[in-house]
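> Return atomic coordinates for the entry below.
(2 chains)
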Number of protein chains: 2
Amino acid sequence: MKNLYELAEIVDKRFSHGEEIPENIIENIRSIVCNKGYIGMAQINPIAGNIEYNAKKIAKYIKYSNQIGLDMVVFPELALMGYPIEDTIDRHPIIVEENIKWLRGLAKITKETTALVGFVEPRKSNAEGKKYYNSVGILKNGKIVGIVRKSLLPNYSEFNDYRYIEPSPVVGVQPANTLGVFDKESVVNQSKIFDTYGISICEDCWNNKEFFDKNLYEKDPIEELYQDGPEIFINCSASPTRAKKEQLKHNMLSFIAKKYKTPIVYVNQVGAIDNSSFDGSSRVFNSNGELIARAKSFEEQFLIVNPKENIGKIYPLTKGLDKSLNEQKVFTLEYESDLERTYKTIIQGIRDYFKKCGFKRAVLGLSGGLDSTVCAVLLADAIGKENVFGISMPSHITSKESKSDAEQLAKNLGINFTEATIRPMIDTTSECLKQLFSTVEKKWDGRYTTSFTPDNIQARSRAMFLWGISNEFSSCIPIATSDKSELYMGYATINGDMSGGFAPIADVPKTKLFAFARWMNENREEKNAIPEAIILKKPGAELAIDPKTGKPLIAEDALMPYEFLDEIIWRVENKNEGYKALLDTTFVYETHNPISKEQKIEWLDKFFRRMSTALYKWSILPPSVIVESRSINKYDYRQPITSSRINYKGIDDSEVESILAKELN
Amino acid sequence: MKNLYELAEIVDKRFSHGEEIPENIIENIRSIVCNKGYIGMAQINPIAGNIEYNAKKIAKYIKYSNQIGLDMVVFPELALMGYPIEDTIDRHPIIVEENIKWLRGLAKITKETTALVGFVEPRKSNAEGKKYYNSVGILKNGKIVGIVRKSLLPNYSEFNDYRYIEPSPVVGVQPANTLGVFDKESVVNQSKIFDTYGISICEDCWNNKEFFDKNLYEKDPIEELYQDGPEIFINCSASPTRAKKEQLKHNMLSFIAKKYKTPIVYVNQVGAIDNSSFDGSSRVFNSNGELIARAKSFEEQFLIVNPKENIGKIYPLTKGLDKSLNEQKVFTLEYESDLERTYKTIIQGIRDYFKKCGFKRAVLGLSGGLDSTVCAVLLADAIGKENVFGISMPSHITSKESKSDAEQLAKNLGINFTEATIRPMIDTTSECLKQLFSTVEKKWDGRYTTSFTPDNIQARSRAMFLWGISNEFSSCIPIATSDKSELYMGYATINGDMSGGFAPIADVPKTKLFAFARWMNENREEKNAIPEAIILKKPGAELAIDPKTGKPLIAEDALMPYEFLDEIIWRVENKNEGYKALLDTTFVYETHNPISKEQKIEWLDKFFRRMSTALYKWSILPPSVIVESRSINKYDYRQPITSSRINYKGIDDSEVESILAKELN
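Residues are numbered from 1 along each chain as shown, chains lettered A, B, ... in the order given. Have a look, this model is predicted:
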């Protein structure tokens, strides 16, 4: 006979295909788990604001949990609404009303199994503070029996909870009759209602004073919950994946379980909502802080566990991620340990964006370069090779190799491919612009002696082709292939390569892309889909000829070595280093390519200068998956475009005084 | 002899031209104000993050204040940093270090006159909570003598204070030695330090429990400050203009002054930072709640007042704005009272964006339609007619009238103008795409029988021209001419008319644009610059022929009547109304154009369907000025793009139950 986890996998598969679960399997599982303290971790992938869709999904798992006799079934944070929902709940309160109706509807279908369902809870209309709570409803025997409200509201990076959510004044469970009318005055002692479980919501468990060197909040809800002596901690989460977060989360949850000698059941959302990709990886630690169960990453799953009996199954960690906290203190080109996570993060990001928006197909330019190549592989894997069209759009500068590399790649991947010349468009546009420029020149000075016009005509003509296909064929969007290193440098053409319906690799730096390409060649089912030549060639946009070499301009010559550039980016994002700190540090690049101080200054100057003028481009970047621990995604990082004159070099006190003295004389 | 305000205006003018202030004028002013309780309200226009620029400006006013013997000079919130600075202070802490150095430098140049200077204050590195306070330094006799910290942090609409700012645990002045190391434990009784003035920062004064029906915060800093018996309230602000906010602010400040029988001096930032346009309009109310001084709107000014002696000057309110709270409860086409504010808000938005980013010139397509016309007028006024190039880019669909109207407009405005045909580009692109489509069609089904491809080729060819000029001529950006009504409908072409370096009218609905055009014709120095034909004609993009009429498609036929559309937008934004509420309300449009319920349903369905798919376009919209009380500007309103399947119609409880029942069988 199959064991619990073999049976559960059959059920998972049937759920994912929308198939009936055979009676005998239900019976078998029931015989193992019924009334024995088992908990179902329903790691679901919601659609933001599509409450009916989310509720139906939840309903199926509630029904199933009842059938097999679980003690409890736990859903992620804001399961009914999807997280994040952002400002939508302010402008469209109808969806909050709707989520309450569905919550009540779900309560009615509950039986013995307790269900924890996240939802947006309206507050009294005249209550001080924000309009809503971020709440979890406790549903049982046809009723809502209690409500838990989130105390700690993340409001940094991609999180904006505090815009429309009020922090709860109290941790733990409050009575069901406080729904929609809860305030400080109505607080009752939660342990009277629901004393077995210490329930919290996401950020509530991210403030342990011993674990973190620096705490964002005063209150520690877990510490408070512990005072009521719960047998099990439960945390309903929606926590997106970012580089290095897996290890941090693992260590923190383990620390909490061990510190309080209390098992913790952590249920995380899976799936992507716009720029945020949630990894799932729900898990359970026993009271010794040992991991006893871990759900799959980047997949919906219903994992059955018994925290008190130490029963669970550990699905493997994403390859390469170890369990140490392993804070990255220095820049390194050793990307290996993060590449599978990177792959799955982006794949899910693409897939869910397409699915949730109703797109099916993608079209992209294949230049034979690394960026478009990596995008093509990711798209083929995310939405199916038959749904990808790669277009080689050579210009007069495009090399033969680029064309053949692109074609070979398409062949290897099995995606649709064609070559389409942009020569006539370039010629016509150039001719039209030439006339226009000569007219403008009669009125305006300041015409550049060398300009990017010819380069940009090429990039924009290509985008014209791609958007044309998107206009002409249903459910198809073009792909923006810009990478993170080049976006930092503003090395991307507006209405050209940075234009598209989605930007898969906008948060992946170039040096990582090289490692990523090799990793994909080794780890995808079809090995070596990416021609070696593409990985070996020096990146360049092939938009202009380098007058020095007579060959297409190499990007590193126009910018700086990618290895150097990516270390600046890493240091600025992760260490918040300024110009002087950067100048005083030995870069990895320098350890094998000694450079003069003048050279270093030139590159650093170029970095800050170009970054400042790239702020506008960041602001109009298409939706893209956040991958790294810090990003320039506009929903993660905001900087006024008009701040382009910041003095990143800093200033000495004495300079300040002399400037002021001079100014006042 | 000239009076105080005549003299002060001479000084203002000289400051704005960077000229020396003549000794005799200084002496004259000094003889009036020295040591008599006068306060200088330094309504300055900072550049975000450009601390040297801001500090120099502040230094000049500090010096001047000393020269004339003011008791105090007050600068806006975060005067050294500029507001908003957003996440920049997290990623680039160097600028916070720098602003402390400049603060200390400014302290050293102070003498008898107390200066209140806003800055970002770092907190102890291990302190719980966020990294920074939003503070005001009190500078006097060469030293920092005290610090005030902001208690209430707005975190809605365009405000994101709570991302990196910690709320102050205490109101009022704390000792100077707490700079950078302040925490709860170091709180001392503020009245001991600085008891004449009750100083607060912006949002701190926006929580009066009697004035507002609904309060966002528990604490009322003004009420607390009042307990220490200040003689004068001072509020350092950076509060952007929005429709209807002038009246609200006036009434609220008047209410506070009267309630506490204490004058209030309110100093507001002026100038635009990206999407936010700050109106200045600093003011003083006496202890009876009467307005006794009001600085100019949308201009830097140094206004000298004596709150205790009731001495001040009231510069006129923006025309048409009265002083009543005048909450707008219903949609109306009576825009008159808001048009001058709208004009100045956008003019300043354009001017400051250009100036602060280092742009000088703008190029835009002139179609002869209303949107590009209004943009052209605004640009001519904001950056100078010689810096504007209007290009008429007719296609085969463009009417003769459109061409001549565009030309006439340019002539009236005196901007540069040329006509440039896009015909060759359309022909070449169409031909190239035709071939490409026939290739794609061999692999992909779902080719549209009618598509927007021909329309979009036109719009994108035009953008190609405009971006070409931007590439070829220095300091020049193209302008995106989309309006708010059409952006709601997604009636704007990606990489076409919605592409540009700046979008001046993205927050102005179409019906308001008509009134706005007429207003400009009446109120600009050159009357009737906009040809009447442009205002009279029915808007249409002239991208396609209506098969029914054989003439260019009228936008209202493709969408719905603008009057109806704009009322939906207004209701959704200002009343948060859902589908059913909209259906049950009689629209202004219906009062003079009776429509069937089916027609209304069709338009409402279209609105929500098109709005849902427009979310992506909103996310890539160029920087634009926020004008109305609510907007779709992405730095003001965020909604996940993948939330496009929201059921805006809502649902009944019985439907919920039957759907769930069906789902579970």
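> List the contacts of the helix or strand of chain A with the lowest mean pLDDT.
Across the helices and strands of chain A, the lowest-confidence element by mean pLDDT, DSSP states H and E is helix A:555-558, at a mean of 90. Helix A:555-558 is contacted by residues A:Glu486, A:Tyr491, A:Lys538, A:Pro539, A:Gly540, A:Ala541, A:Asp546, A:Tyr562 when judged by CB atoms under 8 Å, 6 or more residues apart in numbering or on different chains. Quick note: C-beta positions are derived from backbone N, CA and C, even for glycine.
> model confidence over stretch A:651-663, on average?
For stretch A:651-663, mean pLDDT is 94.
> A:Tyr589 touches A:Glu563, doesn't it?
Yes - contact criterion CB atoms under 8 Å: A:Tyr589 and A:Glu563 qualify, at 4.5 Å.
> so how far is stretch A:253-261 from its chain's centroid?
27 Å (CA atoms, centre = their mean, to the nearest Å).
> Verify the contact between A:Asn28 and A:Leu7 for me.
Yes - with contact defined as CB under 8 Å, A:Asn28 reaches A:Leu7; the gap is 5.6 Å.
> What is the neighbour count of A:Glu23?
9 (other CB atoms under 10 Å in any protein chain shown).
> And it, how close does it get to A:Gln67?
For A:Glu23, the distance to A:Gln67 (CB to CB, to the nearest Å) stands at 9 Å.
> from the contacts of helix A:555-558, which ones fall inside helices?
Among those, DSSP state H puts A:Glu486, A:Tyr562 in helices.
> okay, who's weakest in the contacts of helix A:555-558 by pLDDT?
Lowest pLDDT among these: A:Ala541, 80.
> Go ahead and confirm that one touches A:Leu553.
Yes - using CB under 8 Å, A:Ala541 is in contact with A:Leu553, at 7.4 Å.
> more neighbours, the two?
A:Ala541 (23 against 19).
> distance of that one from A:Ala558?
As judged by CB to CB, A:Ala541 and A:Ala558 stand 9 Å apart.
> so what sits against both of those two?
Joint contacts of A:Ala541 and A:Ala558 (CB under 8 Å, 6+ apart) are A:Tyr491.
> Could you point out which residue ranges in chain A have low pLDDT?
Applying pLDDT under 70 to chain A flags the ranges A:190-193, A:318-327.
> Mind jotting down where the helices sit in the stretch 201-350 of chain A?
Applying DSSP state H, counting those that start in this stretch to the stretch 201-350 of chain A gives helices spanning A:221-226, A:245-259, A:336-357.
> right, so these: which one is the most enclosed?
Mean neighbours per residue, mean count of other CB atoms under 10 Å in any protein chain shown, is largest over the helices of the stretch 201-350 of chain A for helix A:336-357, with a mean of 23.
> CA atoms only: put that helix into CSV for me.
Output in CSV follows, covering the C-alpha atoms of helix A:336-357 (Å, rounded to 0.1, in the frame of the first residue of the first chain):
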residue,chain,number,x,y,z
GLU,A,336,26.1,28.5,-9.0
SER,A,337,24.1,28.1,-5.8
ASP,A,338,21.5,30.6,-6.9
LEU,A,339,20.9,29.5,-10.5
GLU,A,340,18.2,27.0,-10.1
ARG,A,341,16.2,29.4,-7.9
THR,A,342,16.8,32.1,-10.5
TYR,A,343,15.6,29.9,-13.2
LYS,A,344,12.4,28.9,-11.4
THR,A,345,11.7,32.4,-10.2
ILE,A,346,11.8,33.8,-13.7
ILE,A,347,10.0,30.8,-15.3
GLN,A,348,7.1,31.2,-12.8
GLY,A,349,7.2,35.0,-13.2
ILE,A,350,6.7,34.7,-17.0
ARG,A,351,4.2,31.9,-16.8
ASP,A,352,1.9,33.5,-14.3
TYR,A,353,2.1,36.9,-15.9
PHE,A,354,1.0,35.4,-19.2
LYS,A,355,-1.7,33.1,-17.6
LYS,A,356,-3.1,35.7,-15.3
CYS,A,357,-3.3,38.4,-18.0
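> For chain B, tell me whether that helix is touching it.
Yes - applying CB under 8 Å from any CB of the partner chain, one finds helix A:336-357 touching chain B at A:Asp352, A:Tyr353, A:Lys356, A:Cys357.
> Same check on stretch A:395-415?
No - using CB under 8 Å from any CB, stretch A:395-415 never reaches chain B; the gap is at least 9.6 Å.
> Skipping adjacent residues, who's closest to A:Val284 in space?
A:Ala293 (4.1 Å; CB to CB, 6 or more residues apart in numbering or on different chains).
> right, and that neighbour touches A:Val267 too?
No - judged on CB under 8 Å, A:Ala293 makes no contact with A:Val267 at a distance of 10.9 Å.
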